[in-house]
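# sequence plus the predicted model coming up.
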Amino acid sequence: MTSTNVSEASAQDALDIRDSRTDAHYSAAVKTEGPEGDTYIRASDLRAVKKDASEFGLLSYDPAFMNTASCRSAITFIDGDKGILRYRGYPIEQLAENATFLEVAYLLRNGNLPDQTQYDSWVRDITYHTYVHENIRKFLEGFRYDAHPMSMLCSATAALSSFYPQARDIHDPHQRYISIIRLISKLPTMAAFAYRHVKGLPFIYPDNDLSYVENFLSMVARMSEPKYEANPVFVKALEVLFILHADHEQNCSTSAVRAIGSSGVDPFSAVAGGIAALFGPLHGGANEAVLRMITEIGDKKNIPAFIESVKSGKGEHRLMGFGHRVYKSYDPRARIVKKLADEVFAQVGMDKDLEIALELERIALSDDYFIARKLYPNVDFYTGLIYRSMAFPTDFFTVLFAVARVSGWLAQWEEMILDKEQKIARPRQIYIGEGERSYTDQLREKFPRARKDSIRK
């Protein structure tokens, strides 16, 4: 029997591995980190486990990274079983109640809430950079009238890298800072321009006398009035929704930003990749799917049949906006946004679709089938309803998500850049294709000699 130390580990902090193929024993260090005591082993430690010396070593196979940590991060903490979400240690409930979105954006990047001087400087810098180059406006005007606004936003964000080539110097702290400022400030402008283009309306330039959220609403909704005055209920709703969507740990789009950024590319290109990932219906498009489901139901009287179809699993219906891959209890963001939804509905009134949604929520929350499976309403169920009540078109919902999430993407991107352990992302694979084959043997089987000779000629 042989024994190999995979890594330095004490008996009480080690994972002992016995390879039944060789009867060899290995020991991998078990590390515990963070305030919640996350435990892990290094995946690279498994490479020492080999049947013979010529092998590469043992790989772990984990499709979709269901149980693999790709990084060590200090930004966002989630406990899905307990329904906890914290940014830099602050509970999401406290931030949604008390903070502004730009406060949260500062917190995500810097690790602490700003004092008044820091906050004023941060807001001033973002406000100063809200305008985009006129060529970006012309670029957006080149899209078809029916272009999806997420396609427009993704393309325009990638195009920004050509306007700021110095952003490629990602190891210069000043260049990182100014790129972060530019992205947080310009994304709402480009998003609003995309909205106006699809609507066939003239573009509205930023009004830097307004707050971040009010300025965005002005660029979206302003018509002929000399000074835009936003509905305060809508301003509060959007401020809170931006905070709730600012970051969410290593989700698909954040992982995409980190993976793209690991190549050393500029942050504009990395964030464009995040927007592309967010575009998918399984990620940022989930709240669009909620509205489509409600449209499909059509009337409150159809809800019981719809629910039975979902429960049977035999129909084509799916209950959208319920359950979450991470949260195994109630989504903490959903509690906040449910209250917010009630405030917005009180302002705009109820209509048929809202009545369907609320009745669907009531039935699902009281049905043992959904309770047993912990299929509670998630944040997407309510956000879609709020955005609809604010008269945003369905295909613009994901754009609103992107405007908020850029703050988290950039914090995650910079953390990755500063992490000395991070290298260019390069996952391993389990190859299941053909073994070595001979091209000439294959050719001889497929073609007679005369034809092969003609091919050569």
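Cool, the structure landed.

# does residue 406 touch residue 186 like I think?
No: counting by C-beta atoms under 8 Å, residue 186 is not a contact partner of residue 406; they are 9.5 Å apart. Yep, even glycine has a C-beta here, placed from its N, CA and C like the rest.

# settle it for me: which of these two has more neighbours?
Neighbour tally, residue 406 and residue 186, criterion other C-beta atoms under 10 Å: the higher count belongs to residue 406, 28 against 24.

# give me the next element, helix or strand, following the helix or strand where the more buried one lies.
Using DSSP states H and E, residue 406 falls within helix 397-418. Once the chain leaves helix 397-418, the next helix or strand it forms, by DSSP H and E, is helix 439-446.

# hmm, residue 395 is touching residue 289, no?
No: using C-beta under 8 Å, residue 395 is not in contact with residue 289, being 11.9 Å away.

# element containing residue 183?
Using DSSP H and E, residue 183 falls in helix 173-199.

# also compute the angle for that helix relative to helix 397-418, please.
Note on geometry: by axes from the mean of the first three to the mean of the last three C-alpha atoms, to 10 degrees, helix 173-199 and helix 397-418 are set 170 degrees apart in direction.

# just checking, next helix/strand downstream of helix 173-199?
That would be, after helix 173-199 and using DSSP H and E, helix 212-221.

# did I read that right, residue 77 in a helix?
No: going by DSSP: H, G, I helix; E, B strand; the rest coil, the assignment for residue 77 is strand, not a helix.

# so the residue nearest to residue 39 when sequence neighbours are not counted, which of the three states?
With C-beta to C-beta, 6 or more residues apart in numbering as the criterion, residue 39 has its nearest non-adjacent residue at 5.0 Å, and that residue is residue 32. What three-state DSSP gives for residue 32 is strand.

# residue 32: how many residues sit nearby?
By other C-beta under 10 Å, 10 other residues sit near residue 32.

# tell me who's in contact with it.
Residues near residue 32 by C-beta atoms under 8 Å, 6 or more residues apart in numbering: 13, 38, 39.

# what residues go with each domain of this structure?
Annotated domains of the chain cover 3-65, 70-422 [automatic domain parsing].

# and of those, who's closest to residue 434?
domain 3-65 (19.3 Å; C-beta to C-beta).

# gap between residue 284 and residue 418?
The gap separating residue 284 from residue 418 is 27 Å, by C-beta to C-beta, to the nearest Å.

# same check, this time on residue 41
24 Å.

# quick one, which of residue 284 and residue 418 is more surrounded?
residue 284 (26 against 11).

# next up, phi/psi of the more buried one, please.
Note on residue 284: its backbone torsions stand at phi -70, psi -20 [degrees, to the nearest 10].

# without its sequence neighbours, what residue ends up closest to residue 127?
Residue 127's closest residue in space is residue 208 (C-beta to C-beta, 6+ apart), at 4.9 Å.
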